[in-house]
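Peer 1: what follows is a predicted protein model with its sequence.
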Amino acid sequence: MKQVILQEFLSLDGLAAGPGDSTDFVPAATRGDSTFGREQLAFIDTIDTILLGRKTYEMFADYWPNVAEGDDKPFADKLNAIPKIVFSRTLDRAPWGTFDEARIVGNDAAPEVRKLKQQSGKNMVVWGSLTLAQSLIKEGLVDEYRLVFCPVVLGSGRPLFRDKVDELDMSLVDTTSHDLGAVQLKYTQNGRRASSRASTTKHTKRTKEILTGARGV
């Protein structure tokens with residue numbers, strides 16, 4: 001059974017996008033980071049399907065198919081070859097440079113993702129795609145969260161977890177500190193809603209301890 005892995009890049013105040021939906025803080029915190037690059041190369045070898053929303057698709061399709069040299073090329077070569085699904089009610093096609101087009105799904109994401117999870121093979125990844133990510137979180141379809149906290153406070157923008165999101169019972173399974181100050185926290189969902197606020201409080205406290213230590217405060 002395939003799993004859905006959500007890798008989301010967040011500010012220290014928990015925002016996935018800043019004012020105007022800007023995500024400029026992500027490349028500023030990761031580009032040229034050798035430990036992050038090695039981790040991503042290893043990660044993408046565990047993936048055989050990429051799930052994207054329209055906006056993230058448009059950003060990715062404008063960049064990754066055109067990487068012909070430099071530090072990003074090994075990752076780009078792998079990413080460009082992986083089948084992609086774009087969830088959009090407005091797109092008719094999803095070209096990917098000279099590579100195979102992404103498949104469009106115009107209906108709700110949850111039923112499609114449930115079917116995909118029943119297939120054999122490697123795992124699926126959601127990058128960015130905040131609206132898609134939030135819908136899959138709501139439906140309990142995310143199996144693993146890779147939250148990359150970047151060393152910046154945005155102050156305002158869009159959070160990953162909405163104010164009224166249900167509590168989730170999570171386990172912290174790994175942490176990775178990167179050269180430019182970002183910290184990746186890997187969580188798995190335990191398959192049930194949190195039974196009390198004590199569980200959420202415990203993991204929130206642990207996350208704060210890790211981030212504080214990473215910043216050397």
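Peer 2: Right, received. Where do you want to start? Owing to the predicted nature of the structure, the values given are computational and were not obtained by experimental measurement.
Peer 1: check the gap between residue 3 and residue 126 for me.
Peer 2: 11 Å (CB to CB, to the nearest Å). All C-beta atoms are positioned from the backbone trio N, CA, C, and that covers glycine.
Peer 1: the more surrounded of those two?
Peer 2: residue 126 (26 against 16; other CB atoms under 10 Å).
Peer 1: let's see the pLDDT reported for the more buried one.
Peer 2: Looking at residue 126, its pLDDT reads 97.
Peer 1: repeat that for the one 4 residues further on.
Peer 2: As summarised for this prediction, residue 130 has a pLDDT of 89.
Peer 1: I figured it hits residue 52, correct?
Peer 2: No: assessed by CB atoms under 8 Å, residue 130 is found out of contact with residue 52, at 11.2 Å.
Peer 1: so the two - more neighbours on which side?
Peer 2: Higher neighbour count among residue 130 and residue 52: residue 52, with 24 against 19, using other CB under 10 Å.
Peer 1: list the strands paired with the strand or helix carrying that one, with their directions.
Peer 2: Following DSSP states H and E, one finds residue 52 within strand 47-53. When sheet partners are counted by DSSP bridges, strand 47-53 sits next to strand 84-87 (parallel), strand 123-127 (parallel).
Peer 1: let's have those in TSV, adding distance to residue 160.
Peer 2: What follows is the strands paired with strand 47-53, written out as TSV (distance: least, CB to CB, whole Å):
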stretch	distance to residue 160
strand 84-87	17
strand 123-127	11
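Peer 1: and those: which comes nearest residue 178?
Peer 2: Evaluated with CB to CB, these place strand 123-127 nearest to residue 178, the distance being 16.7 Å.
Peer 1: on the C-terminal side of that closest one, identify the next helix or strand.
Peer 2: With DSSP H and E setting the assignment, the helix or strand that follows strand 123-127 is helix 130-138.
Peer 1: output the next helix or strand after that next one as PDB, restricted to C-alpha atoms.
Peer 2: The first helix or strand that comes after helix 130-138 along the chain, using DSSP H and E, is strand 144-149. Below are the C-alpha coordinates for strand 144-149, written out as PDB (Å, rounded to 0.1, in the frame of the first residue of the first chain):
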ATOM      1  CA  GLU A 144       3.800  11.300   6.900                       C
ATOM      2  CA  TYR A 145       4.600  14.900   7.400                       C
ATOM      3  CA  ARG A 146       8.000  16.300   6.500                       C
ATOM      4  CA  LEU A 147       7.900  19.800   7.900                       C
ATOM      5  CA  VAL A 148      10.900  21.900   6.900                       C
ATOM      6  CA  PHE A 149      11.100  25.000   9.200                       C
END
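Peer 1: what residues does whatever helix or strand comes next after strand 144-149 touch?
Peer 2: Counting by DSSP H and E, the next helix or strand C-terminal to strand 144-149 is strand 158-159. Residues outside strand 158-159 that contact it (CB atoms under 8 Å, 6 or more residues apart in numbering) are 14, 15, 16, 17, 21, 130.
Peer 1: okay, the first one and residue 173: tell me how far apart.
Peer 2: So that's residue 14. Between residue 14 and residue 173 the computed distance is 20 Å (CB to CB).
Peer 1: more neighbours: the two, which one.
Peer 2: Shown here are residue 14 and residue 173; by other CB under 10 Å, residue 14 has more neighbours (15 against 11).
Peer 1: surely that one and residue 156 touch.
Peer 2: No: using CB under 8 Å, residue 14 is not in contact with residue 156; the gap is 11.6 Å.
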